[in-house]
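>>> need a structure here:
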Amino acid sequence: MIVTIGAIGYTAESFFQALQNANVDTFIDVRRRRAVRGREYAFANSQRLQARLAELGIRYVHRLDLAPPPAAREQQAAADQAAGIARRQRTTLGPAFIAAYERDMLAHLDPAALRADLPPDAAVIALMCVERAPAACHRSLLADRLSAAWGEEVRHLKSEE
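Presented below is the predicted three-dimensional model:
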């Protein structure tokens, strides 16, 4: 199974509890920058995140190659600004970002190789980024691609906020 999760909207306790409730055993961080602004999201900063996951017995993997390229991020930021939407309030990705991510990242992704890079006993794999809404984040595009290739169900974990 593939699950996705974003840090925004969670507390540290609810974030890690959601991972445990979903029985996540392998956590793939798909962020370019592995930090989140704001004291309330310090738990999602790389060192703290890795330490807590290790305590919970959840493997941590960082895959920079799955993060959106800077040009795509800039296109989304421009679209958000033009629409007057704050990044943390975005609910969907713009067509330019989607096209760029599909062209620059997903077109070159080898799902079989990614799966082979994971431990053989990886059963519940979490894809993590920052955004609250899965549809506002590249993790949903990646999850859909992996789901189709691996024949796995996707479940989006969402905060209660």
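>>> what are the ranges of the strands in the chain?
2-6, 26-29, 59-62, 125-129, 154-156 (DSSP state E).
>>> Just send those strands back as TSV, with mean pLDDT, mean neighbour count and distance to residue 17 too.
Using the backbone N, CA and C atoms, a C-beta is placed for each residue, glycine as well. Formatted as TSV, the strands of the chain follow (pLDDT from 0 to 100; neighbours: other C-beta atoms under 10 Å; distance: least, C-beta to C-beta, whole Å):
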stretch	mean pLDDT	mean neighbour count	distance to residue 17
strand 2-6	97	24	11
strand 26-29	97	22	14
strand 59-62	96	17	17
strand 125-129	96	25	13
strand 154-156	97	17	15
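>>> out of these, nearest to residue 51?
strand 59-62 (9.4 Å; C-beta to C-beta).
>>> the residue most distant from the middle of the protein, which is it?
Seen from the C-alpha centroid of the chain, the residue lying at the greatest distance (C-alpha atoms, centre = their mean) is residue 82, 24.7 Å away.
>>> for this protein, which spans come out with low pLDDT?
Across the chain, the ranges flagged by pLDDT under 70 are 87-88, 161.
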